[in-house]
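# Would you be able to build a 3D model of this:
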Amino acid sequence: MDRVFLDANVLFSAAYRERAGLLRLWRLGDTELLTSAYSAEEARRNLDTSDARSRLEDLLRNVKLVPESAEPLPRDVRLAEKDEPILRSALAASATHLLTGDVRDFGRLLGKRVGGVMVQLPGDYLHEREGRH
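A predicted model of the protein is given here:
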């Protein structure tokens, strides 16, 4: 079973539009969706309509909230301070994947495993998953 940690921008994008393509993540079988309070709050803060915020709350009902972690990142990983809690939480939750659309800050980690967590764009993950079935 995949344990997929969702970054704030993935949550934001899934909630922003009523028929967002990322909603496919919520329909995958054999997948546990995870996020942290930090990530959920960042998505909440950036959504500017009550409809989008309501969609986010509906989506979060089917996402496991995992604790944040203060564990240090692996020595060779450099991230912006605002992104460190995302990766630390994914690692502490034993996520198999971290999905992010933040190419600027996570770009050099995309397609790589960090402490056992595969960092991917959501579209890449969905493409792989849909190819498996």
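# Point out where this structure drops to low pLDDT.
132-133 (pLDDT under 70).
# rerun that using 80 as the cut-off
131-133 (pLDDT under 80).
# could you pull out the helices for it?
For the chain, helices defined by DSSP state H occupy the ranges 8-16, 37-46, 50-60, 84-92, 103-106, 122-132.
# what about those, which gets the closest to Met1?
Taking C-beta to C-beta, helix 122-132 is the member of the helices of the chain nearest to Met1, at 12.0 Å. Just so you know, the C-beta spots here come from the backbone N, C-alpha and C atoms, and that holds for glycine as well.
# Buried residues in the closest one, which are they?
Neighbour counts using 16 or more other C-beta atoms under 10 Å place Pro122, Tyr125, Leu126, Arg129 of helix 122-132 among the buried residues.
# Tell me which of the helices of the chain sits nearest to Gly115.
Nearest of the helices of the chain (C-beta to C-beta): helix 84-92, 4.9 Å.
# now for that closest one, which elements pack on it?
Counting contacts by 3 or more C-beta pairs under 8 Å, 6 or more residues apart in numbering; DSSP states H and E, helix 84-92 is packed against strand 2-6, strand 31-36, helix 37-46, strand 97-99, strand 117-120.
# could you dump these to CSV with distance to Arg55 and mean neighbour count?
As requested, these are exported to CSV (distance: least, C-beta to C-beta, whole Å; neighbours: other C-beta atoms under 10 Å):
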stretch, distance to Arg55, mean neighbour count
strand 2-6, 14, 24
strand 31-36, 15, 22
helix 37-46, 11, 17
strand 97-99, 18, 25
strand 117-120, 23, 22
